[in-house]
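*Asks:* build me a model:
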Amino acid sequence: MKKYSLLFACATAILVMFAANVSAQRAGGKGYNAANRNYNPATVETIKGTVIEMNTTGAWGLHVTVKTEKETINVHLGPEWFLKDKIIISKGDTITAVGSRINQNGSDVIIAKSVQKNETLVVLRDDTGVPKWSGRGNRWK
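*Replies:* This next block holds a predicted model:
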């Protein structure tokens with residue numbers, strides 16, 4: 001009987017440790033994609049310019065091409081459904097974006113942490129790049 005009790009206790013301990021390890025893993029669910037994994041807090045910068053093009057792509061969401069004083073760069077904002085009630089961005093608008101500059105497929109892009117148009121500021125990601133539209137406790141903030 002003692003042998004089975006010890007075996008049961010060991011098996012339970014292993015299952016608890018495994019469950020804790022699995023729950024600590026970052027989810028790959030809605031809103032978490034290759035662009036978010038590449039977000040680098042060390043490369044965060046602020047850009048300001050005019051929106052010259054807008055694109056909506058499947059899982060990646062809304063992208064805007066911004067012409068600044070020194071360059072033209074693609075800015076990844078987030079899902080259109082997340083942005084639609086918070087900010088309206090149109091071609092010709094002047095925006096300020098804060099985000100991580102990364103190289104994606106041979107071109108520099110900004111993964112936006114926040115975007116501002118006039119007085120409207122929308123925070124899109126936390127300081128580590130996790131989207132506000134994904135994960136427990138972040139949705140709809």
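
*Asks:* could I get the phi/psi values of E69?
*Replies:* Backbone geometry at E69, expressed as degrees, to the nearest 10, gives phi -70, psi -30.

*Asks:* residues near K117, how many?
*Replies:* Using other C-beta atoms under 10 Å, K117 has 17 other residues around it. Backbone N, C-alpha and C define where each C-beta goes, glycine included.

*Asks:* secondary structure element for the nearest residue to it once chain neighbours are set aside?
*Replies:* Residue nearest to K117 in three dimensions, not counting chain neighbours: I95, with 5.0 Å by C-beta to C-beta, 6 or more residues apart in numbering. Using DSSP states H and E, I95 sits in strand 94-104.

*Asks:* contacting residues for the residue nearest to K117?
*Replies:* I95 makes contacts with 48-49, 51, 64, 66, 89, 115-117, as judged by C-beta atoms under 8 Å, 6 or more residues apart in numbering.

*Asks:* tell me what the closest residue in space to E80 that isn't next to it in sequence is bridged to.
*Replies:* Leaving aside its sequence neighbours, E80 sits nearest to L62 (C-beta to C-beta, 6+ apart; 5.0 Å). For L62, the beta-bridge partners are T56, G78 (DSSP bridges).
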